[in-house]
Each structure stands twice: as C-alpha cells, then as structure tokens.
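> What follows is a predicted protein model with its sequence.
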Amino acid sequence: MPIKVYLSQANQKHNVGPLDYTEKEGCAAIVKKLAAVFDADERFKVKCAPVGNLIDTADENIAEANEWDADYYVAVHTNAGEKGTITFHHSNSPKGKKLAQAIYKEVAPLSPGKEPSGRVRVMDGFKEIRGPRAPACLVELEAHDWKTGVEWITGEVADIAWALYRGICKGVGKTPKTRAKPKPARIALTARDVTMTRPIGVKAGWRNVGFSRYLKRVRKQGDGKRIIVGPHHITFPEPKKKGWWWDDMLEWRGEHPIVLVKPKKRPFNWLRMHR
C-alpha cells in the first residue's frame with residue numbers, strides 16, 4: 001500500500017512581502033511542483049489542499065486529511081519575522097518529530113536566512129499540528145518579509161520542492177529517488193566584464209545561491225578565462241539575462257567600492273646600480 005501524504009499549502013493571501021509576493025501564491029507553486037515530484041514515486045499517494053478564495057483553509061484541510069485517512073500531514077508555509085527555515089511538530093508525536101527533523105535537514109541548507117540552532121520546534125498549539133490524526137509537520141520555508149527570502153522562495157521552486165520530497169521520504173523511512181539533472185542551458189554573456197571587491201565571507205543570498213552558481217556555470221561552459229580572481233578583487237563577464245541576484249550584487253558592490261593598493265616601491269640600491 002502506498003504511503004498517503006496530505007500536502008497543505010498556506011492559503012493566506014493577506015500575508016504579503018516584497019516583489020508583490022503573497023504566501024498563498026508562493027506556497028501553491030511549491031506544493032504543485034512537490035506533488036508532481038511525488039507523482040513519479042509509486043510508493044506514495046499525495047493529496048493537495050485546494051487553493052480557494054478563503055483566507056485560511058487550515059480547518060478544511062485538516063478535515064479532508066482526516067477523512068482521507070492520511071498517513072502523514074505536511075503543512076507548507078512561509079514566515080515573517082524570523083529568517084531561515086523552521087519546522088514544527090507535536091510533543092507527543094515521535095513520527096512527527098522525525099518528519100520535522102528530516103525536512104529541516106534538507107531545506108535549511110538551501111534557504112538564504114541563517115539563524116541560530118533550535119529550529120526544529122514543538123508547537124502543540126498550532127491547529128495544523130494538533131488537528132490531524134496523522135503525524136504532522138508544519139514547515140516555514142523562509143521569511144517572506146525580506147527581498148532575498150522572496151527571491152529564493154519564488155526563484156528556486158524546483159529545488160525547494162525536491163528538498164521537501166527528500167525530507168518527507170527520509171522522515172517516513174524511505175530512500176528518496178534520485179533527481180534527474182537536465183543539462184543546463186548555456187549562459188549568454190555580453191562583451192562587458194565587471195570588476196568588484198571579492199565578497200569574502202559574505203552570507204547574503206545573492207552570493208550563496210545566485211552569484212556562486214553563476215560563476216560555476218560560466219566556468220563549466222568554457223568561459224572561465226573571463227573570470228579573474230585576485231587577492232582583493234574579482235572580474236567576471238556580465239550575463240545578457242540577469243538572474244534575481246544581480247541587483248542585490250550591484251547594490252553590495254556599490255557599498256564596497258574598489259580600493260586600489262599601490263605597489264610598494266623598492267628601496268634604491270647603489271650596489272645593484274654599480275654592478
């Protein structure tokens with residue numbers, strides 16, 4: 001018998017963020033992709049909460065999951081106030097705790113917000129934790145009240161869905177199937193090169209998720225000679241199609257202007273001159 005997993009995406013259209021983000025639309029896109037991933041795994045059967053016009057369908061989702069006799073209940077949300085990934089479970093549910101830990105372990109390394117430990121939490125008061133008869137986990141993927149978080153939530157839908165899939169599989173004791181990696185399309189580059197101070201130690205999302213991946217793909221497609229890395233500066237080609245991280249990178253570049261270091265003059269040596 002396949003494992004029945006109920007996927008409940010947040011339906012709060014009033015929870016908004018930068019770039020015209022709404023929690024309802026952001027979570028619906030991720031859960032739709034997650035359901036498609038599960039459809040290719042015959043060990044599971046999933047049911048998704050309907051995306052309706054109600055402000056919050058949590059009560060309806062719980063009732064539907066209980067009527068369907070779900071084996072597991074996973075609620076997918078985005079947060080406000082705390083950056084990074086957080087998962088919640090019931091204090092009396094060992095299976096819910098295992099699921100929450102597994103999902104956190106897969107999603108948290110991808111999210112741009114980095115917060116202290118203690119991100120897998122007991123929260124018996126949440127209706128989507130106490131209401132389902134099945135072991136339940138509620139995941140806050142990332143905060144939607146900052147631009148970098150929204151860019152990640154909306155720009156990395158497939159990666160987030162696959163991370164959730166892996167976490168759910170491991171949380172219920174199954175080995176996730178391997179994701180087929182399509183060959184990435186070649187990045188079209190302009191003739192212009194950009195130079196900026198090297199972002200050493202920067203933990204911003206534009207660098208960790210966008211810029212670093214861009215440099216890796218440029219090198220892989222054979223244009224690595226245009227990337228020049230010095231002790232303090234880096235030069236790289238400008239892409240024709242700018243990724244979501246480009247504006248954030250330019251803003252950071254403006255805040256960290258290039259400082260030219262003059263080479264030290266060698267002391268005059270009379271002996272060398274008269275040799």
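Looks like it came in fine. Numbering: from 1, shown residues only.
> quick one: Leu34 and Pro239, what's the gap?
29 Å (CB to CB, to the nearest Å). No exception for glycine: its C-beta is placed from N, CA and C like everyone else's.
> Actually, Ala134.
Taking CB to CB, one finds Ala134 at 45 Å from Pro239.
> Check Arg198 too.
For Arg198 relative to Pro239 (CB to CB), the value is 19 Å.
> Those two: which has the busier surroundings?
Using other CB atoms under 10 Å as the criterion, Arg198 and Pro239 rank with Pro239 on top: 16 against 13.
> Looking at strand pairing, list the partners for that one.
Leu189 (DSSP bridges).
> What residues of stretch 163-173 count as buried?
For stretch 163-173, the neighbour count (16 or more other CB atoms under 10 Å) marks Ala163, Leu164, Tyr165, Arg166, Gly167, Ile168, Cys169, Lys170, Gly171, Val172 as buried.
> Same check on stretch 178-189?
In stretch 178-189, counting by 16+ other CB under 10 Å, buried: Ile187, Leu189.
> Distance from the chain centre to the helix or strand where Val139 lies, please.
Using DSSP states H and E, Val139 maps to strand 136-143. Its chain's C-alpha centre and that of strand 136-143 lie 12 Å apart, by CA atoms, centre = their mean, to the nearest Å.
> tell me the contacts of Ile258?
By CB atoms under 8 Å, 6 or more residues apart in numbering, the contact list for Ile258 reads Thr195, Met196, Thr197, His233.
> Kindly give the local confidence score, pLDDT, for the residue nearest to Glu140 when sequence neighbours are not counted.
Nearest non-adjacent residue to Glu140, counting by CB to CB, 6 or more residues apart in numbering: Asn79, 3.8 Å away. For Asn79, the pLDDT comes out at 92.
> For Asn79, list each beta-bridge partner.
Judged by DSSP bridges, the bridge partners of Asn79 are Ala143.
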